[in-house]
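J.: Sequence plus predicted model, see below.
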Protein chains: 2
Amino acid sequence: MAPAHAHKSLKLSHDLPLDSGQVLSGVEIAYETYGELNTDKSNAILICHALTGDQYVASTHPITGKPGWWEAMVGPGKPIDTGRFQVICANVLGSCMGSTGPASPAADGAPYAMRFPVITIRDMVRGLVALLDGLGIAKLHTVVGGSMGGMQALSMAANFPDRAERVLAIATTARHSAQNIAFHEVGRQAIMADPNWNGGDYYGGAEPDAGLAVARMAAHITYLSEEGLTEKFGRRLQDRDAKSFGFDADFQVESYLRYQGSGFTQRFDANSYLYITRAMDYFDLAEEHGGKLANAFAGAKARFCLVSFDSDWLYPTAESRHVVHALNAAGAPVSFVELSAPFGHDSFLLDVPALDRVVKGFLK
Amino acid sequence: MAPAHAHKSLKLSHDLPLDSGQVLSGVEIAYETYGELNTDKSNAILICHALTGDQYVASTHPITGKPGWWEAMVGPGKPIDTGRFQVICANVLGSCMGSTGPASPAADGAPYAMRFPVITIRDMVRGLVALLDGLGIAKLHTVVGGSMGGMQALSMAANFPDRAERVLAIATTARHSAQNIAFHEVGRQAIMADPNWNGGDYYGGAEPDAGLAVARMAAHITYLSEEGLTEKFGRRLQDRDAKSFGFDADFQVESYLRYQGSGFTQRFDANSYLYITRAMDYFDLAEEHGGKLANAFAGAKARFCLVSFDSDWLYPTAESRHVVHALNAAGAPVSFVELSAPFGHDSFLLDVPALDRVVKGFLK
């Protein structure tokens, strides 16, 4: 049986200017589509993925063989209905699933590694807009994203206000807080402390898997709520009746975290992790627009929907509310809902029927 | 000028039995005292230190040269008044400031390293009780501790109910939650991922400083509140006017965390960090006593005071309240106060005048 979706990629014919002042040449944007574009190209929904996500939103991941990361949300008859919309999801600039990133060859044929320019969320959006240009899509029906995907959706609304009719930003923020930056810095230091990182030059050799796994473990805790962790694991032991009085993973939560860490290294590039976390830490939509968030949305033409989760302590409801107030000040139409779900930040990826209803309603 | 306090140490004449079933021989407990013991030895206050604390509660740290970690609280005329009490503070078993721990020589003369037995909070308390025996102190006026020190205070009340008249437990918990364990596991994995860790056998060679620094950075975030981090650092840049578009510590919070991480490695042993975090993760006072926390305090004879801080998300107020309810159920006299302070878990170490008043009042 042929794969439902062949891997797609667009090579940009023009250079991509970056916020750093640098320019990227020969940029490739890998993407997937689900559903058919209608004749006037008015039914496209762009889904922006999160830090460690990718374009396989509703199809099997080519490395892990696992289902798409948002299959509960995207598909025929699903809240984002591929019978009605064409869904596009692209691997962000700086990532490692086909789009240009630190593992890609530079002009000299060797991987960029740390020669890759530091990028921003807006640079990622520039890549996405270039993809839309390449696909001949002048205006999206909706741009959607959770977490870092929500940052991209907001950035597109602020910087490319003609490109989307609707903006759906879930479990996200308009700026990274000190605590957000702090957790990312721990992850970066864990990677850079791994001797295999070798200043970023590890391609073709031993990779900094140990450091990357620690980074993932630290981040993963922030994706879950304290209550969720207690409910899921509590102090239950893993495959044993008593504590080992050793340093094995006695507790289920330890075993789970180790599994999350090691599994992640098989599908993700450590340098991409550095660059993408940096882009997120740099994100401050107000700062980009003279220090006032309402200014960022002064020219916004879309309808907005913001969704937060009450158990999300990474990007708490107050951050969404902050965006909503700015949109109000800018006179943009916006609806906002805080959903109750026990899973913390990860709620946007998990089974939360109320989110399905909100998404479906907003796309009507 | 002679040092105000000579370094003191007691070598136990008996073996120390451990919860693991193992036995430690030749245990040494390093301690400091401040103030004079009265003739009937009834004015002794034992202060139990936290994970990375030590006996230098009110005197200069011999490695860092910094003031004692609780000088605001302990001294002549201070809330814990050394003009009135003799304050004793001992380095816990498993630590690295003179008490027996993984860096200490085993019977064969080489450091224990990972041959050191896994210890528990109760084992630490056994060491403290042995010290009190050595000092001829049958009953403490008060046992006091914050964070892991509070765990020891509660454990002493539960397991050695005759040894303290008063128990003051600050910013602590009767059990480590899944999230608490998760953060510690990240730290341990960071240490063990450092090739210099070398299975624990690094003494006399290069030490796993990079891993230990990452562990400290991750833990440090949990000691501060989100609000405190925002207030202290926000998104302010460090010694620069604009982002570097690189991986230097652009943000003050990054610089601060790196400083915390690297400073810590100069005074702390990585293996001690493994063992002490393990002891904390194993801590579950209810489990020790048939699964019911009230049982732990069934024989308690002390008066209790519990203090929590509203911004502490490591050991939130609910954890203290849980202890208070168990003490109520056991019929023990207990007072409890949640203090408002912006500094998160670290509030107990910082300038919180309300804490001074509570401590002073309880010691009356």
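T.: Received, thanks. Numbers count the residues shown, from 1 in each chain, chains lettered A, B, ... in the order given.

J.: which bits of the stretch 201-350 of chain A sit near chain B?
T.: Contact residues (C-beta under 8 Å from any C-beta of the partner chain) of the stretch 201-350 of chain A with chain B: A:210-211, A:213-214, A:217-218, A:221, A:224, A:226, A:229-230, A:232-235, A:243, A:245-247, A:249, A:251, A:253-254, A:257-258, A:261, A:274, A:278, A:281-282, A:284, A:287, A:313. All C-beta atoms are positioned from the backbone trio N, CA, C, and that covers glycine.

J.: Filter those down to the buried ones.
T.: Among these, those buried by neighbour count (16 or more other C-beta atoms under 10 Å in any protein chain shown) are A:210-211, A:213-214, A:217-218, A:221, A:224, A:226, A:229-230, A:232-233, A:235, A:243, A:245, A:247, A:249, A:251, A:253-254, A:257-258, A:261, A:274, A:278, A:281-282, A:284, A:287, A:313.

J.: by contact count, what packs against the helix or strand containing residue A:259?
T.: Using DSSP states H and E, residue A:259 sits in helix A:252-265. Using 3 or more C-beta pairs under 8 Å, 6 or more residues apart in numbering or on different chains; DSSP states H and E, the elements in contact with helix A:252-265 are helix A:209-223, helix A:226-232, helix B:178-193.

J.: For the ones you listed, give me JSON lines that also has mean pLDDT.
T.: As requested, the helices and strands packed on helix A:252-265 are exported to JSON lines (pLDDT from 0 to 100):
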{"stretch": "helix A:209-223", "mean pLDDT": "98"}
{"stretch": "helix A:226-232", "mean pLDDT": "95"}
{"stretch": "helix B:178-193", "mean pLDDT": "98"}
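
J.: Out of those helices, which gets nearest to residue A:152?
T.: helix A:209-223 (18.2 Å; C-beta to C-beta).

J.: Can I get that closest one as PDB, trimmed to CA atoms?
T.: What follows is helix A:209-223, C-alpha atoms only, in PDB (Å, rounded to 0.1, in the frame of the first residue of the first chain):
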ATOM      1  CA  ASP A 209      22.100  12.000  23.400                       C
ATOM      2  CA  ALA A 210      22.600  12.100  27.100                       C
ATOM      3  CA  GLY A 211      22.500  15.800  27.300                       C
ATOM      4  CA  LEU A 212      19.500  16.000  25.000                       C
ATOM      5  CA  ALA A 213      17.700  13.400  27.100                       C
ATOM      6  CA  VAL A 214      18.200  15.500  30.200                       C
ATOM      7  CA  ALA A 215      17.000  18.600  28.400                       C
ATOM      8  CA  ARG A 216      13.900  16.700  27.400                       C
ATOM      9  CA  MET A 217      13.200  15.400  30.900                       C
ATOM     10  CA  ALA A 218      13.400  18.800  32.400                       C
ATOM     11  CA  ALA A 219      11.100  20.300  29.800                       C
ATOM     12  CA  HIS A 220       8.700  17.400  30.000                       C
ATOM     13  CA  ILE A 221       8.000  18.100  33.700                       C
ATOM     14  CA  THR A 222       6.900  21.600  32.700                       C
ATOM     15  CA  TYR A 223       4.400  20.100  30.200                       C
END
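
J.: which residues are contacting that helix?
T.: With contact meaning C-beta atoms under 8 Å, 6 or more residues apart in numbering or on different chains, helix A:209-223 is reached by A:51-52, A:183-184, A:186-188, A:190-194, A:196-197, A:229, A:257-258, A:260-262, A:264-265, A:268, A:270, A:273, A:313-314, A:344-346, B:179, B:182-183, B:185-186, B:189-190, B:193, B:214, B:218.

J.: before we move on, what about stretch A:352-364?
T.: For stretch A:352-364, contacts defined as C-beta under 8 Å, 6+ apart pick out A:45, A:72-73, A:78-81, A:85, A:141-142, A:144, A:166, A:168, A:170, A:305, A:307, A:309, A:335, A:337, A:339-341, A:343, A:347-348.

J.: And the pLDDT at residue A:173?
T.: With respect to pLDDT, residue A:173 scores 98.

J.: Quick one: residues contacting it.
T.: Here residue A:173 is in contact with A:150, A:151, A:180, A:283, A:315, A:319, A:320, A:322, A:323 (criterion: C-beta under 8 Å, 6+ apart).

J.: That one and residue A:103, how far apart?
T.: 28 Å (C-beta to C-beta, to the nearest Å).

J.: How about residue A:19?
T.: Residue A:19 sits 21 Å away from residue A:103, going by C-beta to C-beta.

J.: Likewise for residue A:184?
T.: With C-beta to C-beta as the criterion, residue A:184 and residue A:103 are 20 Å apart.

J.: Those two: who's more crowded?
T.: residue A:184 (25 against 18; other C-beta atoms under 10 Å in any protein chain shown).

J.: need the helices for chain A, in chain order.
T.: In chain A, the helices defined using DSSP state H lie at A:121-135, A:148-159, A:178-193, A:209-223, A:226-232, A:252-265, A:270-282, A:285-288, A:293-296, A:317-329, A:353-362.

J.: for the first one, what is the average pLDDT?
T.: So that's helix A:121-135. Helix A:121-135 shows a mean pLDDT of 98.

J.: Run through chain A and note the low-pLDDT ranges.
T.: Scanning chain A for pLDDT under 70 picks out A:1-6.

J.: Distance of the most centrally placed residue in chain A relative to residue A:170?
T.: In chain A, the centroid-proximal residue (C-alpha atoms, centre = their mean) is residue A:50; its distance is 1.1 Å. Separation of residue A:50 from residue A:170 (C-beta to C-beta) stands at 10 Å.

J.: Next, show the common contact partners of the two.
T.: In contact with both residue A:50 and residue A:170: A:145, A:146, A:147, A:149, using C-beta under 8 Å, 6+ apart.

J.: And those residues, which two are furthest apart?
T.: A:145 and A:147 (7.4 Å).

J.: what residues do these two have in common as contacts?
T.: Common neighbours of residue A:145 and residue A:147 are listed as A:50, A:170, A:172 (criterion: C-beta under 8 Å, 6+ apart).
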